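Q: next come a sequence and a model predicted from it.
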Amino acid sequence: QVQLVESGGGLVQTGDSLRLSCAASGLIFSTHAMGWFRQAPGKEREFVIRISAGGQHKYYTDSMQGRFTISRDNAKNTVYLQMTNLKPEDTAVYFCAADKSPGYRTTPHSYDYWGQGTQVTVSS
């Protein structure tokens, strides 16, 4: 059974940094691209960032490039989301997701497995 478990969320202030982790089990981690999404109250789930299975390719949205960085450690079956210069509009539940297919895929239904999410709240 596949499990993705996010951690590292919390309450921070504007301008702070935070690193989220997502530990995977039950799948061959190194063969899956990994993505991060977020969902704010009353809004649709939004693509944040993605990394290819081997870690060579990273895909960002324009609004997050420069502030958000993704990395992975295939030996630890873990993907990370480093967030810097956080803003109140970054407040959301952050989800990691695994995708068996390669390429630049940003829609939630493209992903095969999901974690339960971790709350990030940025106060002004």
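A: Sure, I can see it. Numbers count the residues shown, from 1 in each chain.
Q: tally of neighbours for residue 91?
A: A total of 18 residues lie near residue 91 under the criterion other Cβ atoms under 10 Å. C-betas here are computed from N, CA, C, even on glycine.
Q: verify the stated contact: it with residue 124.
A: No: at 9.8 Å, residue 91 does not count as touching residue 124 under the criterion of Cβ atoms under 8 Å.
Q: who are the packing partners of the helix or strand of the chain with the lowest mean pLDDT?
A: Ranking every helix and strand in the chain by mean pLDDT, DSSP states H and E puts strand 58-60 at the bottom, with a mean of 92. In this structure, strand 58-60 packs against strand 46-51, with contacts taken as 3 or more Cβ pairs under 8 Å, 6 or more residues apart in numbering; DSSP states H and E.
Q: now could you export just the CA positions of the strand it packs on as CSV?
A: Provided in CSV are the C-alpha atoms of strand 46-51 (Å, rounded to 0.1, in the frame of the first residue of the first chain):
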residue,chain,number,x,y,z
GLU,A,46,-3.0,24.4,-7.2
PHE,A,47,0.2,23.0,-8.7
VAL,A,48,3.3,24.3,-7.0
ILE,A,49,6.3,22.4,-8.3
ARG,A,50,7.5,19.1,-9.7
ILE,A,51,10.7,17.0,-9.9
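Q: just the strands from the chain, written as ranges.
A: 3-7, 10-13, 18-25, 33-39, 46-51, 58-60, 68-73, 78-83, 92-99, 113-114, 118-123 (DSSP state E).
Q: center of this structure, which residue is that?
A: Nearest residue to the geometric centre of the chain (Cα atoms, centre = their mean): residue 36, 2.3 Å.
Q: nice, that's everything, thank you.
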